[in-house]
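> pasting a predicted model and its sequence here:
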Amino acid sequence: MTELDKDALLGAYRRMKTIREFEERLHLEIQQGQIAGFTHLYSGQEAVAVGVCDHLADDDYIVSTHRGHGHCIAKGCDVIGMMKEIYGRADGLCKGKGGSMHIADFDKGMLGANAIVGGGPPLAVGAAIANRNAGDGKVSVAFGGDGSCNQGTVFEAMNMAVVLKLPAIFVFEDNGYSEHTGVDYAVGSKDIASRCEGFGMPAEKVNGDDFFAVFDAMARALEHSRGGKGPFALECTTTRFFGHFEGDPQNYRAKDEVEQHRENRDCLKIFRATVTADGRVSDDELNAVDTDVLALIETAVEQAQASPPPDVSELTTDVYISY
Amino acid sequence: MTELDKDALLGAYRRMKTIREFEERLHLEIQQGQIAGFTHLYSGQEAVAVGVCDHLADDDYIVSTHRGHGHCIAKGCDVIGMMKEIYGRADGLCKGKGGSMHIADFDKGMLGANAIVGGGPPLAVGAAIANRNAGDGKVSVAFGGDGSCNQGTVFEAMNMAVVLKLPAIFVFEDNGYSEHTGVDYAVGSKDIASRCEGFGMPAEKVNGDDFFAVFDAMARALEHSRGGKGPFALECTTTRFFGHFEGDPQNYRAKDEVEQHRENRDCLKIFRATVTADGRVSDDELNAVDTDVLALIETAVEQAQASPPPDVSELTTDVYISY
Amino acid sequence: MAVTTFRQALNDAMFEEMRRDERVIILGEDVSGGAGGTSGERDASGGIFGVSKGLIFEFGENRVIDTPISESAIIGAGAGAALAGLRPISEIMFADFVGVCMDQIYNQAAKFRYMFGGKTKCPLVIRTAMGAGMNMGAQHSQTIYPILTGVPGLKIAVPSNAADAKGLLKTAIRDDDPVVFFEHKALYNRKCEVPDGEHLVEFGEAAMPREGDDCTVVAIGRMVVFAEKAIDGLKEAGISCDLIDPRTVSPLDTETIFESLEHTGRLVIVDESPPRCSVASDIAGIVASEAFGSLRAPIKLVTAPHAPVPFARELERAYMPGPGDIAKAIQEVVND
Amino acid sequence: MAVTTFRQALNDAMFEEMRRDERVIILGEDVSGGAGGTSGERDASGGIFGVSKGLIFEFGENRVIDTPISESAIIGAGAGAALAGLRPISEIMFADFVGVCMDQIYNQAAKFRYMFGGKTKCPLVIRTAMGAGMNMGAQHSQTIYPILTGVPGLKIAVPSNAADAKGLLKTAIRDDDPVVFFEHKALYNRKCEVPDGEHLVEFGEAAMPREGDDCTVVAIGRMVVFAEKAIDGLKEAGISCDLIDPRTVSPLDTETIFESLEHTGRLVIVDESPPRCSVASDIAGIVASEAFGSLRAPIKLVTAPHAPVPFARELERAYMPGPGDIAKAIQEVVND
Ligand SMILES: Cc1ncc(C[n+]2csc(CCOP(=O)(O)OP(=O)(O)O)c2C)c(N)n1
Ligand SMILES: Cc1ncc(C[n+]2csc(CCOP(=O)(O)OP(=O)(O)O)c2C)c(N)n1
Ligand SMILES: [Mg+2]
Ligand SMILES: [Mg+2]
């Protein structure tokens, strides 16, 4: 296990907890009709986003998916700006024009969530070309789900990254489902890592519920990619605590599946148990983070609710820079 | 080695030779400006098309590529109708509307050449759904090049065939190049068969210059697929004797590469040597086939040249059945 | 006549046609749903909008096929199965996703018959959900039909109500040419009377839900609903309109439009798409070249702006043409 | 002024811009060629049409990138590199192939700036060869630009001669918005005078290669060449025309069209595409709504038929609008 100091551990916990509370709160806000549209929550998968992004600086790039809030927060996007965006407010991160599935923050190297399954990986390949040409040791990470690994664009991206030996890292989060279909049905090989290997890159399968497993695997991936050896893939097995989208009745899941997972596979619980067991961090310290995070989320919701919607004049701005 | 009787051997030789002479003659016709358009010759790869298709009946399906003449002839398409099509004649197989890259013959289970790299494999998956639902033990074969194995549509097709356990066989003809780029550059894994395995199907790599190697491997593929075990992939290593398209100066090939291949890797020579060595067929018998084939090709060219072009009224027919 | 939702009408159409002809199959993501899930429950979605609900139980897994997220393979498999004698319905969950499978639609299915000299047919139906109004953002809210209407070889249906949805879908499934069938998401829950028994709507025959003298209004898909509202609201002002719902934009019933124009002389066209190369501007172009003599005023196009679909409610509302925009255009044209 | 081919002008433009700005890169299939070949010779193609010939020797493999046959990755990588600060040129060998990468064009590159609230830009140029006339069949001969012209966020250039090709491509590369750049295959060998030194052509400014009084002719891409022929041939008959070459169809210089119409009152639009939702019908629609008052006769559209591109020479010749079709249309309109 990598040696992380207390600050790093508390930071990782804070980011995971922020994602969790952000999503749990969104779930309520959506139930209460506060938020329009199509929202996919990341609760349950936090260890993946944070385990990966805790290695990255603002000038490393990530591209994300329809289930992108976790990646955004892990990469350092402003939580209040995100909440406002999801609320569709004028001062949201994307002026309310993007919404939950289209959050980006270029100052943070977050090149955008993406509502097209498989839309992101080709973009990451391009960002990795920029990394390679700059020669500054930076990398580009493409997040994707288990379902995305059946989309042709993703395969093309992986092959091209190998051909061009790019510093691109493909992170597949296997949360067991693509929408209402189980991964064992839709992924013919029943194994994503070996598929990636078939494209000529090393791949590891890790327990995505365990922050440390992800964090360590990502360290190996980075060593490979930053060392000029080309792309690397991670398959992170995890679970989602909510439906595919908000409103999903989840008939495809056993009645107690989520409950069981919340009990036994909660990455926050696992993290807490690990770091308190060996005394690196105390429960009190973690509880203090919890309090902070809840306050931040409360502030985010309050500010989002108080923010104005975009002015109708914004309808046709930002289509072009000049036209 | 499979036991094939003399008729079967002479038949296989006839089909391979027909492809060869068809293409060698086209090469001349094109040089003389007789034929318009964009033509990709199959010379050199005959053992693959024939080794595969000699197992198939008219109600097994194949889909083909831009380099499709060989597949057509191997599947039993009328050679004269093909020549007329490539000449753009009214009585061509597709009335002169398709041309070299769009020959089909539905009575022969030949569902069409395809000018889009990767266009065919998804179609073969559909034909294989029809096969499966009919439950008659028929299969669908998708031909593709080494280059096609980088196109996302091909991966999607392979995965879907595995998921649905379809009787689909994917034949990749690695002739060393996609256009002017070598396979070792463009295929990141430098190995196609292992890629296919990554999708969860068995795959074999065979010497595509050897009819018997292909024929035997195809027998194994069919046993698997007809047995309801799902798809199978073959990677056939072979070579093309002409440029990517007619007119290609082939600067990417070593000066004597084609000459060497024509000397050492000619599937017709290899076939002849094999079957005469063990006395199964005599040189005279093969020579008689040669004579026949040359006469057929001569007839095809004569008839094509004598045929009328399509009437201009055909311009807007066949767009719809009714509109 | 039973009052039925648009969703139910489509579901009924598929049940009827799948019973009638066992060559009809449906494939797509979660068209049934639940495969590989821990509950073991199939038909967990029945299509993400519930349109194919229940089919799997009657027709089984060979005919109701859940697929991976592989749209090129979904369309390609449909097209290939069509060449091999089946009559597939390939579902693309959101029309916006045609971008990942466009080749199979416009270079393959659309062109087979022509390229192969009339020697085959490709009876494929592509069903897909389109349109704005649900705050789904720029990649889940487009109309998309304009980019397919121009493709020779395709037929394009855009129903505006449950009865037409049923009749057009049944026709599409029986049609021997490839058809792309656009279902506006905001219509799924709308109800209307749907004729009992066998109900087929011919392609290329417009409907005229309103008749009048002052102006011809052509509206497409959900815009028909808004145009009806606008027109009904103008009665008081003494304005009456022919409202033409083309139902299929390819083939397009130009005759009905031209005939109407002969007596109204004025034309408003309403399309939820951005304006350039839209069906609205296309119809305007056709009229300006083939029925110019009937026009007594400039044609008015009521469309979305040349912009992607925005997320925020307020912006999306402004994005879509509404009854007010249509009424205003009619008044302007009539007073021109 | 040097007389240069269309191909050479494009090549010059790329050399100049790649020298000027090291963020400019090019990627595509065989843009150099020869990688992994047995001769060891790089630049074995320099682009299948020779347009990128020589670039690799000056700019190296990091900036001139041969790719596998993976168009979604070619466009996606271009778009992603653009977000990350480069200025990529992604080449799609034949425009017909946008079908396999359409999503990356219209849902990704085109929409980034809008979806992300103006907080980024995507300076991507997509270069692609289009058009019929080389007997390449239905999947290698289409114009394709109509399906992209309607996409908000994209700019679309369709040069008709070498000088404009150079000037427009240089502008495209410097432009901060995504541009799709269509090169007609039949123009690559055509020559004309190209201004020496820095030559830029602004987007949205039409050219007027012929001026006259009787009719306005708008023609796109290679059709400009045919329209010139037609118009020159009509001089004898005493007919003179304004010929407008929009050069970019998005943005479209409607002003020049409207101004011309004010004095001619008659309009012929020539487009190599099939008619429905074409740029021809689009311009007709715009004119019928915004410049209706100027029209003194029906607009004439000269387009390909609603059919795929056929293979046989005789059919393909009949498919494409030719000078004769254009002349006939002009005469009809003038005599209307
Ligand atoms: C090209 C495309 N096809 C289908 C969809 C609809 N869709 C959205 S999310 C999703 C499932 C994605 O599954 P996975 O990749 O496992 O990600 P998860 O939702 O589990 O995070 C689907 C099918 C889409 N957005 N884009
Ligand atoms: C989608 C698409 N991209 C590019 C092309 C242009 N193209 C035609 S053939 C070819 C090379 C194909 O290589 P391979 O699959 O190895 O087949 P081969 O030509 O060697 O038979 C390319 C790039 C195409 N026709 N379609
Ligand atoms: Mg998943
Ligand atoms: Mg090859």
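Received it, and whenever you're ready, just let me know what you need. Ligands and ions are numbered 1, 2, ... in the order given.
> now the closest residue to ligand 2 within the stretch 201-336 of chain C. Nearest residue, chain neighbours left out?
At 23.6 Å from ligand 2, residue C:277 is the closest residue in the stretch 201-336 of chain C, using Cβ to the nearest ligand atom. Every C-beta, even on glycine, is put in place using the N, C-alpha and C of the backbone. Leaving aside its chain neighbours, residue C:277 sits nearest to residue D:150 (3.7 Å; criterion: Cβ to Cβ, 6 or more residues apart in numbering or on different chains).
> residues near the closest residue to residue C:118 other than its chain neighbours, how many?
Setting aside the residues directly before and after it, residue C:118 is nearest to residue B:318 in space (Cβ to Cβ, 6+ apart), at 3.7 Å. Number of residues near residue B:318 (other Cβ atoms under 10 Å in any protein chain shown) recorded here: 24.
> isn't there a helix covering residue B:318?
No - if the criterion is DSSP: H, G, I helix; E, B strand; the rest coil, then residue B:318 is coil and not within a helix.
> who touches it in this structure?
For residue B:318, the contacting residues are B:95, B:97, C:113, C:114, C:117, C:118, by Cβ atoms under 8 Å, 6 or more residues apart in numbering or on different chains.
> in the stretch 1-150 of chain A, which spans are strands?
Ranges of strands within the stretch 1-150 of chain A are A:61-63, A:140-145, based on DSSP state E, counting those that start in this stretch.
> ok so, going back, in this structure the residue of the stretch 201-336 of chain C closest to ligand 2 contacts residue C:146, no?
Yes - with contact defined as Cβ atoms under 8 Å, residue C:277 counts as touching residue C:146 (6.0 Å).
> mutual contacts of those two, please.
Common neighbours of residue C:277 and residue C:146 (Cβ under 8 Å, 6+ apart) are D:150, D:277.
> quick one, grab the pLDDT at the residue of the stretch 1-150 of chain A found nearest ligand 3.
Closest residue of the stretch 1-150 of chain A to ligand 3, Cβ to the ion: residue A:145 (3.6 Å). Among the per-residue scores, residue A:145 holds a pLDDT of 98.
> please name the nearest non-neighbouring residue to it.
Going by Cβ to Cβ, 6+ apart, residue A:145 has residue A:173 as its nearest residue, at 5.6 Å.
> equivalent analysis for residue A:222, please.
Using Cβ to Cβ, 6+ apart, the closest residue to residue A:222 is residue A:55 (5.8 Å).
> pull the contacting residues for the one you found.
If you count contacts by Cβ under 8 Å, 6+ apart, then residue A:55 has A:215, A:218, A:219, A:222 around it.
> who wins for neighbours among the contacts of residue B:318?
Busiest of the contacts of residue B:318 [other Cβ under 10 Å] is residue B:97, holding 33 neighbours.
> settle this for me: that residue is touching residue D:313, isn't it.
No - applying Cβ under 8 Å, one finds residue B:97 not in contact with residue D:313, separated by 11.9 Å.
> can you list residues touching both of the two?
By Cβ under 8 Å, 6+ apart, no residue touches both residue B:97 and residue D:313.
> which one of the contacts of residue A:55 is nearest chain B?
Chain B lies nearest to residue A:222 out of those, by Cβ to the nearest Cβ, at 19.8 Å.
> show me what contacts the closest one?
A:55, A:139, A:169.
> what's the neighbour count on residue C:197?
5.
> residue A:264 now?
11.
> look up how far ligand 3 lies from it.
19 Å (Cβ to the ion, to the nearest Å).
> dump the residue contacts of the spatially closest residue to residue C:296 that is not a sequence neighbour.
In this structure, residue C:296 finds its nearest non-sequential neighbour in residue C:265, 3.4 Å apart by Cβ to Cβ, 6+ apart. Contacts of residue C:265 were listed using Cβ under 8 Å, 6+ apart, and they are C:294, C:295, C:296, C:297.
> next one, pLDDT for residue 153 please.
Going with chain A. We have a pLDDT of 98 for residue A:153.
> chain C is the one I meant
Reported pLDDT for residue C:153: 98.
> now swap in residue A:189 and tell me
At residue A:189, the model reports a pLDDT of 89.
> relative to residue A:238, how far out is the residue of the stretch 1-150 of chain A closest to ligand 3?
10 Å (Cβ to Cβ, to the nearest Å).
> list residues touching both of these two?
Joint contacts of residue A:145 and residue A:238 (Cβ under 8 Å, 6+ apart) are A:173, A:174, A:175.
> got the residues of chain A near ligand 1?
When proximity is defined by Cβ under 6 Å from any ligand atom, chain A lies next to ligand 1 at A:40, A:66-67, A:115-118, A:144-148, A:175, A:177-179, A:244.
> and with 8 Å instead?
A:40, A:45, A:65-67, A:115-119, A:144-149, A:151, A:173-179, A:183, A:240, A:244-245 (Cβ under 8 Å from any ligand atom).
> cool, and the stretch 51-200 of chain C?
So far as Cβ under 8 Å from any ligand atom goes, the stretch 51-200 of chain C lies against ligand 1 at C:69, C:71, C:92, C:93, C:94, C:96, C:97, C:99, C:100, C:139, C:140.
> intersect those residues with the contacts of chain B.
residue C:71 (Cβ under 8 Å from any Cβ of the partner chain).
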